[in-house]
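Novice: The sequence isn't on hand, but the structure is:
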């Protein structure tokens with residue numbers, strides 16, 4: 001048996017195993033392996049892998065799988081403390097929600113979980129964690145106002161955005177979002 005034939009058999013066996021598990025477990029395992037290194041290039045490779053799988057599922061019309069992949073990927077990246085790549089993946093998550101015309105029900109909890117993960121990430125001297133967090137919440141509010149039951153977006157997201165803006169030093173915008181979140185007592 002030639003080396004090429006043996007390699008092809010291995011590839012077929014690997015593809016069959018991935019198909020049997022739905023492919024998600026192997027993707028998650030691969031991402032965890034990439035994130036376990038201290039190599040920035042590996043972190044960006046994990047981001048690229050997650051993004052391409054999300055877009056592939058969305059293009060195939062499997063919106064649930066696309067949302068699940070984007071959400072899981074965002075959580076994995078932020079749990080690993082990778083704020084920059086995590087923020088890019090969180091943007092892909094919200095884009096997936098918008099492009100898939102996914103309603104707020106059930107998915108607002110995912111947005112809140114990602115918001116909590118941003119808060120738990122360590123702040124470094126040159127980190128823009130709060131700016132990334134605010135950008136994520138702003139785009140989430142855009143999705144929420146377009147597809148949710150409230151005209152100006154989810155009230156809890158407004159309050160979370162106000163907190164992130166306040167921590168980032170943007171008091172003027174923070175006050176506006178506390179008012180829109182119907183929590184003006186937070187201003188005092």
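Specialist: On my side now, so go ahead. Not measured: the values here are computed from a predicted model. Numbers count the residues shown, from 1 in each chain.
Novice: Could you use CA atoms for every contact and neighbour count after this?
Specialist: Fine.
Novice: From residue 130, how far out is the spatially most central residue of the chain?
Specialist: Residue closest to the average C-alpha location in the chain (Cα atoms, centre = their mean): residue 90, at 2.8 Å. Distance, residue 90 to residue 130, by Cα to Cα, to the nearest Å: 14 Å.
Novice: do the same with residue 58
Specialist: Going from residue 58 to residue 130 by Cα to Cα gives 29 Å.
Novice: what do you get for residue 78?
Specialist: Distance from residue 78 to residue 130, by Cα to Cα: 13 Å.
Novice: swap in residue 52?
Specialist: In terms of Cα to Cα, residue 52 sits 26 Å off from residue 130.
Novice: Comparing the two, which shows the higher neighbour count?
Specialist: Neighbour tally, residue 52 and residue 130, criterion other Cα atoms under 10 Å: the higher count belongs to residue 130, 21 against 15.
Novice: can you pull the contacts of the more buried one?
Specialist: Residue 130 makes contact with 164-165, 167-168, according to Cα atoms under 8 Å, 6 or more residues apart in numbering.
Novice: do residue 102 as well
Specialist: residue 147.
Novice: Over to it. Which of the three states is it?
Specialist: Secondary structure state of residue 102, per DSSP: H, G, I helix; E, B strand; the rest coil, is coil.
Novice: and it, how far is that from residue 58?
Specialist: 12 Å.
Novice: re the thing from before, the residue nearest to the centre of the chain is in contact with residue 74, isn't it?
Specialist: Yes - using Cα atoms under 8 Å, residue 90 is in contact with residue 74, at 5.5 Å.
Novice: shared neighbours of the two, anything?
Specialist: residue 114.
Novice: Summarise which helices and strands whichever strand or helix holds residue 85 is packed against.
Specialist: Following DSSP states H and E, one finds residue 85 within helix 83-99. Applying 3 or more Cα pairs under 8 Å, 6 or more residues apart in numbering; DSSP states H and E, we find helix 83-99 packed against helix 40-59, helix 63-79, helix 129-147.
Novice: what does the following helix or strand past that helix rub up against?
Specialist: Going down the chain from helix 83-99, the next helix or strand is helix 108-120, by DSSP H and E. With Cα under 8 Å, 6+ apart as the contact definition, helix 108-120 has outside contacts at 71, 74-75, 78-79, 83, 90, 129, 133, 137, 140, 157, 160.
Novice: what's the answer for stretch 80-99, then?
Specialist: 35, 43-44, 47, 50-51, 54, 58, 63, 66-67, 70-71, 73-75, 77-78, 103, 114, 118, 121-122, 129, 132-133, 136, 139-140, 143.
Novice: how about low-confidence regions in this protein?
Specialist: Along the chain, the model assigns pLDDT under 70 to residues 1, 10-11, 13-25, 124-127, 148-151, 177-178, 181-188.
Novice: Cool, thanks, signing off.
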